[in-house]
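Enquirer: quick one, fold the following:
(2 chains)
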Amino acid sequence: MSYIAMKGITKIFGDVVANDNINLQVEAGEIHALLGENGAGKSTLVNMLSGIYSPDSGSIFIRDQEVKLTSPRAALELGIGMIHQHFKLVEIMTAQENIMLGQKNGIFLNKKAHAAKIKALSERFQLGVDPDKKVYDMSVGEKQTLEILKVLYRGADILILDEPTAVLTPQETEKLFKIVKKMKEEGCAVIFITHKMNEVMAIADRITVLRKGKTIQTLDKTTTSPKELAELMVGHPLDLSIDRVQVPQGEVTLQVKNINAKNVEGIEVLRNISFHIRSGEILGIAGIAGSGQKELCEAIAGLFPLESGDILFNNESLVGKSPREIITCGITMSFVPEDRLGMGLVASMDIVDNMILKSYQNDKGLFIDRKKAAEKAKKIVKKLDISTPGIHHPIRQLSGGNIQKVLLGRELDSDPKLLITAYPVRGLDINVSYKIYDLINEEKEKGVAILFVGEDLDVLLELCDRIMVLCNGEVTGIIDAAKTTKDELGLMMAGEKKQYLEGTEIV
Amino acid sequence: MDATISFLAAAIVAGTPLLFATLGEIITEKVGNLNLGVEGMMLMGAIIGFKTALVTHSPIIALLTSMLAGAAGALIYAVLTVSFRANQVVTGLTLTTFGTGFAGFLGQNLVGQVVPATVKSFFRPFAFPGLSKIPVLGEIFFQQDIFVYLSYLSVFIVGVYLYKTSFGLNVRAVGENPGAADVASINTTFYKYFHILLGGALCGLGGAYLSLVYIPVWQNNVTAGRGWIAVALVIFAIWNPYKAVIGSYLFGGLDIIGFRIQDTSFPVSMYFLDMLPYIVTVVILVVISFRKSKENAPPQGLGNPYFREER
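Expert: Now for the predicted structure:
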């Protein structure tokens, strides 16, 4: 008999069957990966296990007892704790206050009594949470650890992690895996939702693959391969390698010379950065989140003021130009932030209006030409295979992947000469990610210079021509992607090694 | 000196209805609900308290019914915004309109009637034993009526409740991030209802202070926009009940400064002085909006309905 068993679960939202007769069994002391593309129904399924949704039909058994999970409280009383993709933390409170929330504390807050228990748990699972730190001062990784501590504190021994690594740096992911393994040793059951193959292979014991709301198969890690899993996930044979298209490189398109910048708090975020990109070249940027990637992209796009230095585009200085003028030069930037919302699109508008956002100033006359934009929208929907009920549907209601496609599609449509794209595949499933790599390669073949900010080192190594590593706002290396390794990149990301490709500095 | 002390003591009296209403709105906003019906709930409390006083001649029952009236107004708001997730701003505005009409209707034959003597004498100022002996401060703060002492107590209770009890922690969590509160097994719906009603009851008390003590004769629209000032005072006080005291008394002072200056030969228009509280409100709101800090920000969930199965 199983620790957790979900049998014949069906959940319908409006016309969408999110879960169709799904079965899942998890044992104690097991890390069970739930694998599937976006929209496969993973989150819906576990939300029913954590009491957020209730199933339309089917039954749930915990330790062989049939249960009705009507609220998160009911689920937690049975030991089920869920770590949501969007953290459920109160920003202005300290770690400890967040942990104490909703607990039976007696009338007055007794911080001391809780502090000891929190410390003990934190040590047992090696979490390293500072109980007095305010949540708004925490990094994403710290917040996630706090979430884990929170549910452990409430006595959870079944832990559900909903795409926990989507927002983490490689180092933070490592730490999370250590914690998860520690929990397994302590006899907890862990359900790990993901669509990243390498993570599944790194920590899962068994894997259940979902596709389009249905259970496809449950497999043992030892008897399967990433390729098999990926194919089960997408439902057809798949090639997992990314091509590095060989294109004859042209002139230097972008040249960045010794730029320095400070943020509003006066901290140096870009220090003496110099590099160049040629047309038909992809320059990848690797680095721990917050090493200056965002500021660099924004500086080129004219959104972040420089202290000193120069940025030359086709030998013309961009410094002092307005973002609008920079766009007219043929530079586009798409930045997908950690929470994947915002940045360039208006959620309540439809695809057509989001197209107009960037182009309305080129229209003549007083009125907006929606016809042209609608055609453009249709073209992008078709080209990028965006699934939407129509081009007049608010993009808020599309899935994250489709929203990102709209963003990228719009940027590509303006025929840029320099394409800056940061985290374009953040949170996307395999199919869409590869589609996006293909699109980027297509642009490269057209002779576009591409600045690609990425988080997956494997992808950077395969896709880019050269990789520039940032650490603390400084360049710690510019190297040939074909002649380096992940370990080498990792050292540079940590700032422990510096290396420059010869001929990089053409000043 | 005596004039200053008597002015400050009077500012407290004038500020007391504001203080009750501000405390009520703070509690409401702390669970994430912006209730713009303060003016309406105050008027409901004012008329019901006044009418009860006329009928029963009992100050205690009058206070209780005024609280019930304010809470009843808040209940309308709570049902609409919490259960039916109606727009909070529109619902609050409607509640103000409703409360104004409600008080006008019930009070149409009462205009000019005076609060019964038993009630009046109950609310007569008296020297608070011991504390009134403190020089200056005692004369300002502790030569007041029992209703004012009740407001001091309310501030203290609300402050301790919000910051020192586990319920207060939960309240703040509900207002900041109801999703987080929900997964922490806090009953957000109950918390919202309870505190919206409690807030309404305090607004009702604020109204009763106006009709029973401050102006113990019934007149139409007795609140005269004080409910709106209370809403602004919540921001002034950055959602902190202790700071609400400062704001309320400051505005109480502005409210009466017109009468005081009239007596002197200071050359300033009466109408200008009447405008003062509103001008100061606008100025303060502008100044406060410049002060960006995570600690002093409004509750993050303020104004947003919460629905667990939203996707």
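Enquirer: quick one: low-confidence parts of the stretch 101-250 of chain B?
Expert: Within the stretch 101-250 of chain B, not a single segment meets pLDDT under 70.
Enquirer: and the helices in it?
Expert: Using DSSP state H, counting those that start in this stretch, the helices of the stretch 101-250 of chain B run over residues B:117-122, B:137-141, B:146-164, B:166-176, B:178-183, B:188-209, B:226-236, B:241-263.
Enquirer: the third one: which residues count as buried?
Expert: Judged by neighbour count using 16 or more other CB atoms under 10 Å in any protein chain shown, the buried positions of helix B:146-164 are B:147-148, B:151-152, B:154-155, B:158-159, B:161-162. Using the backbone N, CA and C atoms, a C-beta is placed for each residue, glycine as well.
Enquirer: repeat for the shortest one
Expert: Residues of helix B:137-141 classed as buried by neighbour count (16+ other CB under 10 Å): B:139-141.
Enquirer: hang on, the earlier thing: just the buried residues of helix B:146-164 now: which is nearest A:Gly213?
Expert: Within the set of the buried residues of helix B:146-164, B:Leu162 lies nearest A:Gly213; the separation is 44.8 Å, counting by CB to CB.
Enquirer: you'd agree that closest one is up against B:Pro241?
Expert: Yes: taking CB atoms under 8 Å as the contact criterion, B:Leu162 and B:Pro241 are neighbours in contact, 6.6 Å apart.
Enquirer: near chain A, which residues of the stretch 101-250 of chain B are found?
Expert: B:164-170, B:172-173, B:176-177, B:179-186 (CB under 8 Å from any CB of the partner chain).
Enquirer: show me where pLDDT drops low in the stretch 1-150 of chain A?
Expert: Counting by pLDDT under 70, the stretch 1-150 of chain A contains low-confidence residues at A:1, A:105.
Enquirer: near chain B, which residues of it?
Expert: For the stretch 1-150 of chain A, the residues in contact with chain B under the definition CB under 8 Å from any CB are A:13, A:50, A:52-53, A:71-73, A:76, A:82, A:84, A:86-93, A:97-98, A:100-109, A:134, A:136, A:150.
Enquirer: which secondary structure state does the residue of the stretch 201-311 of chain B found nearest chain A sit in?
Expert: Chain A sits closest to B:Lys294 of the stretch 201-311 of chain B, with a gap of 5.2 Å, by CB to the nearest CB. Assigned with DSSP: H, G, I helix; E, B strand; the rest coil, B:Lys294 falls in the coil class.
Enquirer: check contacts around it.
Expert: The neighbourhood of B:Lys294, defined by CB atoms under 8 Å, 6 or more residues apart in numbering or on different chains, consists of A:91-92, A:134, A:136.
Enquirer: and the residues you listed, which two are furthest apart?
Expert: Of all pairs drawn from these, the one with the longest distance (CB to CB) is A:Glu91 and A:Lys134, at 7.7 Å.
Enquirer: domain parsing for chain A?
Expert: A:4-234, A:247-330+A:415-424+A:443-507 (automatic domain parsing).
Enquirer: got CSV for the ones you listed, with mean neighbour count too?
Expert: As requested, the domains of chain A are exported to CSV (neighbours: other CB atoms under 10 Å in any protein chain shown):
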stretch, mean neighbour count
domain A:4-234, 19
domain A:247-330+A:415-424+A:443-507, 18
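Enquirer: now the ones you listed as TSV including distance to B:Leu250?
Expert: Shown next, in TSV, are those (distance: least, CB to CB, whole Å):
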stretch	distance to B:Leu250
domain A:4-234	26
domain A:247-330+A:415-424+A:443-507	33
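Enquirer: ok, the residue of the stretch 1-150 of chain B found nearest chain A - contacts?
Expert: Nearest residue of the stretch 1-150 of chain B to chain A: B:Gly32, at 11.5 Å (CB to the nearest CB). Applying CB under 8 Å, 6+ apart to B:Gly32 gives the contacts B:174-176, B:178, B:192, B:299, B:301-304, B:306.
Enquirer: please identify every residue contacting each of B:Leu162 and B:Pro241.
Expert: With contacts defined as CB under 8 Å, 6+ apart, no residue is adjacent to both B:Leu162 and B:Pro241.
Enquirer: state the distance from A:Thr332 to A:Val256.
Expert: Remark: distance between A:Thr332 and A:Val256 (CB to CB, to the nearest Å) = 17 Å.
Enquirer: my error: substitute A:Asp162 in the last question.
Expert: A:Asp162 sits 38 Å away from A:Val256, going by CB to CB.
Enquirer: cool, A:Ala204 as well?
Expert: Using CB to CB, one obtains 42 Å as the distance from A:Ala204 to A:Val256.
Enquirer: and if you look at A:Thr215?
Expert: Here the criterion is CB to CB. By it, A:Thr215 lies 50 Å from A:Val256.
Enquirer: not counting sequence-adjacent ones, nearest residue to residue 25?
Expert: All of this is about chain A. What sits nearest to A:Gln25 in space, not counting adjacent residues and going by CB to CB, 6 or more residues apart in numbering or on different chains, is A:Ser2, at 4.3 Å.
Enquirer: right idea, wrong chain: chain B
Expert: The spatially closest residue to B:Glu25, leaving aside those adjacent along the chain, is B:Val234, at 4.8 Å (CB to CB, 6+ apart).
Enquirer: looks like the one you found contacts B:Lys243 (just checking).
Expert: No: when contacts are counted by CB under 8 Å, B:Val234 is not listed as touching B:Lys243 (9.9 Å).
Enquirer: ok, those two, which is more surrounded?
Expert: Neighbour comparison, B:Val234 and B:Lys243: the larger count goes to B:Val234, with 26 against 18 (by other CB atoms under 10 Å in any protein chain shown).
Enquirer: for A:Arg206, give the beta-bridge partners.
Expert: A:His32, A:Asp220 (DSSP bridges).
Enquirer: what about it, distance to chain B?
Expert: 27 Å (CB to the nearest CB, to the nearest Å).
Enquirer: report the contact partners of that residue.
Expert: Residues counted as contacts of A:Arg206 (CB under 8 Å, 6+ apart) are A:30, A:32-33, A:218-221.
Enquirer: pick out the most distant pair among these.
Expert: Using CB to CB, the pair of the contacts of A:Arg206 lying farthest apart is A:Glu30 and A:Leu219, separated by 13.2 Å.
Enquirer: part of a strand, is A:Leu121?
Expert: No: applying three-state DSSP, one finds A:Leu121 to be helix, outside a strand.
Enquirer: correct me, but it touches A:Ile148?
Expert: No: with contact taken as CB under 8 Å, A:Leu121 and A:Ile148 are classed as non-touching, separated by 9.8 Å.
Enquirer: what is in contact with those two at once?
Expert: A:Leu127.
Enquirer: give me the three-state assignment for A:Ile22.
Expert: Of the three states, A:Ile22 takes strand under three-state DSSP.
Enquirer: might one say that it is in contact with A:Lys42?
Expert: No: with contact defined as CB under 8 Å, A:Ile22 does not reach A:Lys42; the gap is 9.9 Å.
Enquirer: shared neighbours, those two?
Expert: Common contacts of A:Ile22 and A:Lys42, defined by CB under 8 Å, 6+ apart, comprise A:Leu210.
Enquirer: one step back: narrow the residues of the stretch 101-250 of chain B next to chain A to just the buried residues.
Expert: Under a neighbour-count criterion of 16+ other CB under 10 Å, the subset of these counted as buried comprises B:165-170, B:172-173, B:176-177, B:179-186.
Enquirer: let me see the contact set for residue 7.
Expert: Here I'm looking at chain A. With contacts taken as CB under 8 Å, 6+ apart, A:Lys7 has the following neighbours: A:23, A:58-61.
Enquirer: um, chain B though
Expert: Contact criterion CB under 8 Å, 6+ apart gives B:253, B:256, B:260 as the residues in contact with B:Phe7.
Enquirer: brilliant, that's me finished.
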